[in-house]
Each structure stands twice: as C-alpha cells, then as structure tokens.
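Visitor: quick one, fold the following:
(one chain, ligands or ions: 1)
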Amino acid sequence: MVVLRKRTQAPRPIKSKLEEEFVSEEEQEEQDYSNVCCEKCGSGRHAAKLLLCDKCDRGFHMFCLRPVLVEVPKGQWFCPSCSNHKNLTNFPLVQTKIVDFFRIRRCSQSAEKFVSDSRKKRRRTNGLVVSKKRRKLLPFVPSDEPVRRLEQMASLATALTATGTEFSNELTYVAGMAPRSANFERERGEVVETAIVLPKDDAKTLGLCKSMVEQGEWPPLMVVFDPREGFTVEADRYIRDLTIITEYVGDVDYLRNREHDDGDSMMTLLTATNPSKSLVICPDKRSNIARFINGINNHTQEGKKKQNVKCLRFDIDGECRVLLIASRDIKKGERLYYDYNGYENEYPTEHFV
Ligand SMILES: C[S@@+](CC[C@H](N)C(=O)[O-])C[C@H]1O[C@@H](n2cnc3c(N)ncnc32)[C@H](O)[C@@H]1O
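Guide: Reported below is the predicted structural model:
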C-alpha cells in the first residue's frame, strides 16, 4: 500500500537528464502517483490522508471513506469495490442459534421487578427524613416482546460476526497481554486519573444488568448499518437518563503493546504516571455492543448536541472498569453517541457525521 504523504500542488521542477536517471525509488513512486485524486471527492489535496488501493491503485481520502477511516491501515488495504465489501442489505443476517451464540442461561428476574422493588424499599425507609439524594444508576429495561429481543440480539450477532469478534460481556485477561493483577494492584499516586469507587447500590445494579444479559433479558438496543457511519446502535425503546447501557469490554492490554495498533475501537482503561503501566481495552477479538456505539464530532456544535451517552471509569471491587451510561433521556429510535475524547484529545473526530 502506498500512502501519499508529501504530495504538494506545486509543479514539479524540471530535472536534468542525468538527474532523471538517478531518481530514487521513493521519488519514482511519488511521481507515479502524483496525479492521483480521491475517487469520492475528486480532489488530490490532503495527500497524507490519500490511500491507494493495493489492487486497483485508485485513491481515496481516509475521511471520504464510509465509515471514515481514522488510522492508516497497516499492511494491505483494498478500496470498497476491491474488498468485495457487501452492503448489509439483509440486516440482520444471523437469526438462528442466538441462544447458543450468546450462551444464554434461562431463568428470570426482570428489570421492572428490580426497579419497583427498590422503589418500594426507598419509600419505606425514607419516612420523614429529608436526605440529600444521590442519583442512582438504573438498570436497562428490556423490550417487552421476546421476538423483538431476539431481533436485537440477532443484530448484534450480525455485527460481531461481520467484524470477526466473539461475544464477551466481561473484561478479559489473556496470556501474553496485561495480567489481571495489572488492573488490580494499582498503588496510590501511580494512576493519573483515579476511578471513582462505584457505590454499592450501583454495583448491584450493574450486577443485575450483567445477569439479565446472561439470561437473554437484553438491553433495548438495535445494531444497524449506516453507509456513512458503519455499524451504529439505536435505542429500541425509551431509555431514561442514568440507565446503564453497557460495560465497555474486551481484552485488557498494556498501551505500550498497542501503540502501533490500527484498530479504531481501543478504549483507555488506566492512565498511569509510569506510561509503561497504562492499560487499554481492545475489543477486536472479544467484545459486546459497546464497540459499535459511535462517537460525536467534537468539532461542531451539532456534533456535541448529539451526545446522549457518557463514558465513565469506575473502581469496582478494586478493578478499574468503563461503563457507558445514558446522559439524558433517550427516545426510541435515537442513535447513541458518546464523546470519544472524554479523557484525552487523541481521537480524530473532525470528519464524523
Ligand atoms: C468504535 S468504532 C464504532 C463502530 C463502527 N461504526 C463500526 O462500524 O464498527 C469507531 C469507528 O466508527 C466510525 N464512526 C464512529 N462515529 C462516527 C460518526 N459520528 N460518524 C462517522 N463515522 C463514525 C469511525 O469509522 C470510527 O473509526
């Protein structure tokens, strides 16, 4: 793959015959490709972001591709026509064996029951005492119809299958990456942003959400495919502010092992004063719906207005974890978006829709 990085609009200087014979290989390559324009927008500007297809040699700006490509791919890259990337017209593709795909266990404790039980408890204990209320996290409320829940699960199964990812709903510690202890045995002062300890009630609510997923009581979310945004997630019923949407999961690794990774879904888990101890979540092999939730464009007011989910780090029983939580009431059919740059300003979102 050739990435045109230093192409300028200035006319090429005329070379002497002798000079022409000694054109370096690199220069030759730049000359050969100097007339390449982007197939989408027709412009040859922004050469550093103009990728050439390894099969047909046609050019494409990374930001003109749909979905936008944020990193120059390592190794070979094929344009949309050469990669045989089929638009997912029959979405979702996978409707069968959902129970096996997500390793669902059958037995039931519904979220509504949990919410009404905890409301009853609160009413009983509040009495006349006026206490300053902390706003508690809420468990997601699954859709009522089992068939609809199956469709939601099928949509996620489709997206996971299309991206070659296995379903997992927990952080995973895999041999050869960061050990579990790296996320547990953190010393004071070692971590730059200390995660807030998740209050006991909220930890219980998170536990309930996890067990609901295990039993097929699915969050009311549908993965859809958008030609401009790629896979993206929509609310499939009204979701109240402060509802737990999902935990961000995947393999935990040291950031230093992933610095040259071209994945676009890596999430910061821990930023340590000693950079060699910083951790990231990598959802490319194992993950859940979190990796399909799209980001806001941080560079426009319109983009910022779309945000309806926030991404928070918590200390839960000594382990740092990342949760995605509704940051306002979300209507049925609304797409979910959060700020990819909530903690750092590293994610290039200027070409996001
Ligand atoms: C964490 S992934 C989200 C899921 C992704 N859309 C997919 O199809 O797998 C991040 C990538 O999604 C795309 N993306 C996320 N938010 C977007 C937005 N608002 N507009 C366009 N593309 C977006 C970009 O390609 C980005 O690199």
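Visitor: list the contacts for whichever residue of the stretch 1-150 of the chain sits closest to the ligand?
Guide: Closest residue of the stretch 1-150 of the chain to the ligand, C-beta to the nearest ligand atom: Pro67 (3.6 Å). In short, each C-beta sits where N, CA and C put it, glycine included. Residues near Pro67 by C-beta atoms under 8 Å, 6 or more residues apart in numbering: Arg228, Glu229, Gly230.
Visitor: need the buried ones from these selected in PyMOL.
Guide: Per 16 or more other C-beta atoms under 10 Å, the buried members of these correspond to this PyMOL selection:
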select buried, resi 229+230
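Visitor: which of the contacts of Pro67 come close to the ligand?
Guide: Arg228, Glu229, Gly230 (C-beta under 6 Å from any ligand atom).
Visitor: which one among the residues you listed gets closest to the ligand?
Guide: Nearest to the ligand among the ones next to the ligand among the contacts of Pro67, with distances taken as C-beta to the nearest ligand atom, is Gly230, at 2.6 Å.
Visitor: bridging residues for that closest one?
Guide: Asp226 (DSSP bridges).
Visitor: could you find the closest non-adjacent residue to the residue nearest the centre of the chain?
Guide: Nearest residue to the geometric centre of the chain (C-alpha atoms, centre = their mean): Arg291, 3.2 Å. Nearest residue to Arg291, sequence neighbours excluded (C-beta to C-beta, 6 or more residues apart in numbering): Pro283, at 4.1 Å.
Visitor: report pLDDT for that neighbour.
Guide: As predicted, Pro283 sits at a pLDDT of 96.
Visitor: near the ligand, which residues of the chain? Just list them.
Guide: So the chain meets the ligand at 67-68, 70, 228-232, 264-265, 291-292, 294-295, 297, 352-353 (C-beta under 6 Å from any ligand atom).
Visitor: please repeat the previous calculation with a cut-off of 8 Å.
Guide: 66-71, 159, 163, 225-226, 228-232, 264-265, 283, 291-297, 303, 306, 337, 340, 349, 351-353 (C-beta under 8 Å from any ligand atom).
Visitor: so which of those are in helices?
Guide: Counting by DSSP state H, the part of these found in helices is Ala159, Gly303.
Visitor: quick one: which of the residues of the chain next to the ligand sit in strands?
Guide: In strands, defined here by DSSP state E, the members of the residues of the chain next to the ligand are Phe225, Asp226, Gly230, Phe231, Thr232, Asn294, Gly295, Tyr337.
Visitor: in this structure, mark out all the helices, start to finish.
Guide: Counting by DSSP H, the helices of the chain are 17-21, 25-33, 98-101, 111-126, 146-162, 180-184, 200-214, 301-305.
Visitor: show me what the longest one is packed against.
Guide: With contacts defined as 3 or more C-beta pairs under 8 Å, 6 or more residues apart in numbering; DSSP states H and E, the secondary structure elements packing on helix 146-162 are helix 98-101, strand 166-167, strand 221-226.
Visitor: ok, and what's touching the longest one?
Guide: Applying C-beta under 8 Å, 6+ apart, the external contacts of strand 221-226 come out as 87-88, 91-92, 151-152, 155-156, 158-159, 231-236, 245-246, 289, 292, 336.
Visitor: pull out the buried members of the residues you listed.
Guide: For the contacts of strand 221-226, buried by 16+ other C-beta under 10 Å: 91-92, 151-152, 155-156, 158-159, 231-236, 245-246, 289, 292, 336.
Visitor: looking at the helices of the chain, which one has the lowest mean pLDDT?
Guide: helix 17-21 (a mean of 45).
Visitor: can you count the residues close to Gly342?
Guide: Gly342 has 16 neighbours, counted by other C-beta atoms under 10 Å.
Visitor: residues in contact with the residue nearest to it when sequence neighbours are not counted?
Guide: Nearest non-adjacent residue to Gly342, counting by C-beta to C-beta, 6+ apart: Cys311, 5.3 Å away. By C-beta under 8 Å, 6+ apart, the contact set of Cys311 is Tyr248, Met267, Val322, Leu323, Leu324, Tyr338, Asp339, Gly342.
Visitor: now a ChimeraX select for only the buried ones of these.
Guide: Buried members of the contacts of Cys311 can be picked out in ChimeraX with the line below, counting by 16+ other C-beta under 10 Å:
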select :248,267,322,323,324,338,339,342
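Visitor: mind giving me CSV with the contacts of Cys311 and columns for pLDDT and distance to Cys38?
Guide: Below are the contacts of Cys311 laid out as CSV (pLDDT from 0 to 100; distance: C-beta to C-beta, whole Å):
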residue, pLDDT, distance to Cys38
Tyr248, 98, 33
Met267, 93, 30
Val322, 96, 35
Leu323, 97, 39
Leu324, 98, 34
Tyr338, 95, 29
Asp339, 94, 28
Gly342, 82, 31
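Visitor: which of the contacts of Cys311 sit farthest apart?
Guide: Using C-beta to C-beta, the contacts of Cys311 span at most 14.2 Å, a distance reached by Leu323 and Asp339.
Visitor: test my guess that the residue nearest to Arg291 contacts Asp253.
Guide: No: counting by C-beta atoms under 8 Å, Pro283 does not reach Asp253; the two are 11.0 Å apart.
Visitor: alright, I will stop here.
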